[in-house]
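Undergrad: when you get a sec, could you give me coordinates for this:
(chains A and B, ligands or ions: 2)
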Amino acid sequence: MKEKAVVQMVDVRKSYGSQEVLKGVNLSIIEGKTTVIVGGSGQGKSQIIKHILGLIRPDSGSVIVYGRDISNISKKELKKIRTNFGVLFQNAALFDSMTVFDNVALPLRERTKMSEHEIKKIVSEKLVMMDVEGTNEKYPAQLSGGMRKRVGLARALVLDPKIIFFDEPTTGLDVKKSNEIYRVFSKTQKDLGYTAVIVSHDVPKIFNLADYVALLYNGVVQGRGPSGENQLSDSPMTPEEFQLSDNPIIKEFVETTMGPLYLSEMEV
Amino acid sequence: MLNFFEKTGAYALYYVNEAGRMGIFLLNSIMSVVKPPYKIYPIIRQTYIIGTLSIFVILFTGVFTGMVLGLQGYHTLNKFGAEGLLGSAVALSLIRELGPVLAALMVTGRAGSAICAEIGVMRNSEQIDALECMAIDPHKYIMAPKFVAGIISMPLLTAIFDVTGILGGYMVGVGMLGANRGTYFASMYKDVEFNDIYMGLIKSLCFGILIIWICSSKGYFVHLSRGGGFGAEGVSRVTTNAVVLSSVSILLFDFFLTSVLL
Ligand SMILES: Nc1ncnc2c1ncn2[C@@H]1O[C@H](COP(=O)(O)OP(=O)(O)O)[C@@H](O)[C@H]1O
Ligand SMILES: [Mg+2]
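TA: Ligands and ions are numbered 1, 2, ... in the order given. Okay, the predicted model is just below:
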């Protein structure tokens, strides 16, 4: 494989009590490409993201980000790796005691030495890009769910990160708004060339954006082969490969999601 | 029987674990206070929230504590014909003991609970995770200003408590019960030494740190709390725990500090 994997998860397992959520996840995220993670609610998509962000330690297995296994590095090194990240959490995770403007400005204020004037310019630019200008002085609780998401996106992109993680960026948005988000996304990705990890339910639309697709089902990323086996970590599937896969679970997923169906509703 | 041992073991492990993470939390917070960069505005804001907004409660409780001390003190001292000592009795009990302790208990109830709930909600809504992912240290960003504000506010609030208490004692002892006005202050002037004030100051500083430490770390670790720390219920339970633990620790610590400082 000639492409460089910036993130590699190798046989990652994680349990909560008696519930094993991740049962040996293998996944590579390729530099400069968009990897889309699909799968039903509660399958552990957000858990995968949190493992890569270093917020959760795996019970076993390794999570390698920029060549370092982040499940056992120092806080300082982890912090350094995280300077490359831009994250949108599933529920946006805006700071609710700060205005929208301050939320988006926070990374600039804390991590750069920009003047308030420059900060103002960049923040306004991002808010316009996400179509939430005019909300500057509002608090997150005064926004709709979709607007919160878009403010979260603006905040995730404000430092021009090298790798972005979007957990369900368009859930709760109407079709027009979500198309707009995807349009902005593919444009900025072309311009800035960042690596993207997107969790989404927008199948098949999201396949147009994706360079690689990973289906999480039953605690593992499904592989391409016919036996429904675990995906090997160094062979991510392109959307075309995904749609032609022999894996019965993927086949079923592809057949049933040509409408807005979730995997959890499917009998395998 | 085995079940009993298992349960006790699990309890013990949980509390050792909790003590450990709270200890590390304190170290991290102290480090984050000491390490640059220093930002003034968040400290002013927190001092306002923790200190300024507590002043009314402190004035109110201070004056009534002083009044009751005046009342009790006058009647007791009167038995020995020693009403002349009323001023120093009121002042010494306030400065050495009641001022720091009661002010700390009031601040725990007013500001400590708010701090715990605030941080707990931030944890449960992934705001703390978000900070970490932005490579912003939550200790530096959230905890450090609160610790500094606690260290600034507590001694000042205690001083306010002491002064209003002394005035409350004066109102009752001199104003209502007719103790001599001159001797009230003269005895105070004669008997209160620098050591007494020093003791009160040390106590209030320690309590300030103790309150912020316990209340913020309880909120910070709400997701690890026993019985599940999720949602509003998790936060409310942890807040109750924080207030109880903080109040009990203030009284315990008061005993130890007094025995060391005396
Ligand atoms: N802190 C936790 N404690 C217990 N169970 C958890 C916790 N976090 C996640 N889970 C479980 O992990 C599973 C996957 O969650 P998640 O990653 O949020 O799913 P999704 O694919 O919808 O993003 C869920 O079944 C959830 O119950
Ligand atoms: Mg999720």
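Undergrad: show me where chain B has helices.
TA: Remark: helices assigned in chain B by DSSP state H are B:2-34, B:40-50, B:55-79, B:86-92, B:99-107, B:113-124, B:127-133, B:138, B:144-170, B:181-191, B:194-220, B:231-261.
Undergrad: for the third one, which positions count as buried?
TA: Taking 16 or more other C-beta atoms under 10 Å in any protein chain shown as the basis for neighbour counts, the residues of helix B:55-79 that come out buried are B:55, B:57-59, B:61-63, B:65-67, B:69-71, B:73-74, B:77. In this view, the C-beta of every residue, glycine as well, is placed from N, C-alpha and C.
Undergrad: B:V238: which of these is nearest?
TA: Using C-beta to C-beta, B:V57 is the member of the buried residues of helix B:55-79 that lies nearest B:V238, at 22.7 Å.
Undergrad: make a markdown table out of the helices of chain B and add mean pLDDT.
TA: A markdown table is the format used below for the helices of chain B (pLDDT from 0 to 100):
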| stretch | mean pLDDT |
| --- | --- |
| helix B:2-34 | 91 |
| helix B:40-50 | 95 |
| helix B:55-79 | 95 |
| helix B:86-92 | 93 |
| helix B:99-107 | 97 |
| helix B:113-124 | 96 |
| helix B:127-133 | 95 |
| helix B:138 | 94 |
| helix B:144-170 | 96 |
| helix B:181-191 | 91 |
| helix B:194-220 | 95 |
| helix B:231-261 | 94 |
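Undergrad: which of the ones you listed sits closest to A:N84?
TA: helix B:127-133 (10.5 Å).
Undergrad: just to revisit the earlier point, go through the helices of chain B and name the closest to ligand 2.
TA: Nearest to ligand 2, of all those, is helix B:127-133, at 13.2 Å by C-beta to the ion.
Undergrad: out of everything not next to it in sequence, what's closest to B:G84?
TA: Nearest non-adjacent residue to B:G84, counting by C-beta to C-beta, 6 or more residues apart in numbering or on different chains: B:T183, 4.4 Å away.
Undergrad: so who does the one you found touch?
TA: B:83-84, B:86-87 (C-beta atoms under 8 Å, 6 or more residues apart in numbering or on different chains).
Undergrad: now B:L210
TA: With C-beta under 8 Å, 6+ apart, B:L210 has these contacts: B:104, B:246, B:249-250, B:253.
Undergrad: may I ask which of these has the most neighbours?
TA: Neighbour tally across the contacts of B:L210 (other C-beta atoms under 10 Å in any protein chain shown): the maximum, 29 neighbours, falls on B:A104.
Undergrad: any idea how far the closest residue to that one other than its chain neighbours is from A:L153?
TA: Spatial nearest neighbour of B:A104, chain neighbours left out: B:F207 (3.7 Å); criterion: C-beta to C-beta, 6+ apart. Separation of B:F207 from A:L153 (C-beta to C-beta, to the nearest Å): 44 Å.
Undergrad: just B:G51 next, same as before
TA: B:G51 is 38 Å from A:L153, by C-beta to C-beta.
Undergrad: circling back: restricted to buried residues, select the contacts of B:T183 in PyMOL.
TA: Of these, the buried ones go into a single PyMOL selection, burial set by 16+ other C-beta under 10 Å:
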select buried, chain B and resi 83+86+87
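Undergrad: list just the nearest of the contacts of B:T183 to A:R68.
TA: B:G87 (67.3 Å).
Undergrad: who's in contact with the closest one?
TA: So B:G87 contacts B:166, B:169-170, B:173, B:183-188 (C-beta under 8 Å, 6+ apart).
Undergrad: in a markdown table: the residues you listed, plus distance to A:K80.
TA: Below are these laid out as a markdown table (distance: C-beta to C-beta, whole Å):
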| residue | distance to A:K80 |
| --- | --- |
| B:I166 | 55 |
| B:G169 | 58 |
| B:Y170 | 60 |
| B:G173 | 64 |
| B:T183 | 67 |
| B:Y184 | 63 |
| B:F185 | 61 |
| B:A186 | 65 |
| B:S187 | 63 |
| B:M188 | 58 |
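Undergrad: which of the residues you listed tops the neighbour count?
TA: B:G169 (32 neighbours).
Undergrad: contact partners for that residue?
TA: If you count contacts by C-beta under 8 Å, 6+ apart, then B:G169 has B:66-67, B:69-70, B:73, B:86-87, B:90-91, B:94, B:184 around it.
Undergrad: ok, 7 Å please
TA: B:66-67, B:69-70, B:90 (C-beta atoms under 7 Å, 6 or more residues apart in numbering or on different chains).
Undergrad: please, which helix or strand holds A:I56?
TA: Using DSSP states H and E, A:I56 falls within no helix or strand.
Undergrad: show me where chain A has strands.
TA: A:5-16, A:19-30, A:34-38, A:60-65, A:68-69, A:85-88, A:163-167, A:195-199, A:212-217, A:220-221 (DSSP state E).
Undergrad: quick one: the fourth one near chain B?
TA: Looking back up the chat, that one is strand A:60-65. No. Using C-beta under 7 Å from any C-beta of the partner chain, strand A:60-65 stays clear of chain B, coming no nearer than 12.2 Å.
Undergrad: contacts for that strand?
TA: A:6-13, A:51-52, A:69-71, A:81.
Undergrad: from those, which one has the minimum pLDDT?
TA: Within the set of those, pLDDT is lowest for A:S71 (84).
Undergrad: number of residues surrounding the closest residue to it other than its chain neighbours?
TA: Spatial nearest neighbour of A:S71, chain neighbours left out: A:R57 (5.1 Å); criterion: C-beta to C-beta, 6+ apart. When neighbours are counted by other C-beta under 10 Å, A:R57 registers 12.
Undergrad: do A:S124 as well
TA: The burial count for A:S124: 15, using other C-beta under 10 Å.
Undergrad: residues in contact with the residue nearest to B:G200 when sequence neighbours are not counted?
TA: Once flanking residues are discounted, B:G200 sits nearest to B:I95: 4.7 Å by C-beta to C-beta, 6+ apart. Listed by C-beta under 7 Å, 6+ apart, the contact set of B:I95 reads B:162, B:192, B:196-197, B:200.
Undergrad: go on, A:G42?
TA: A:G42 neighbours (C-beta under 7 Å, 6+ apart): none.
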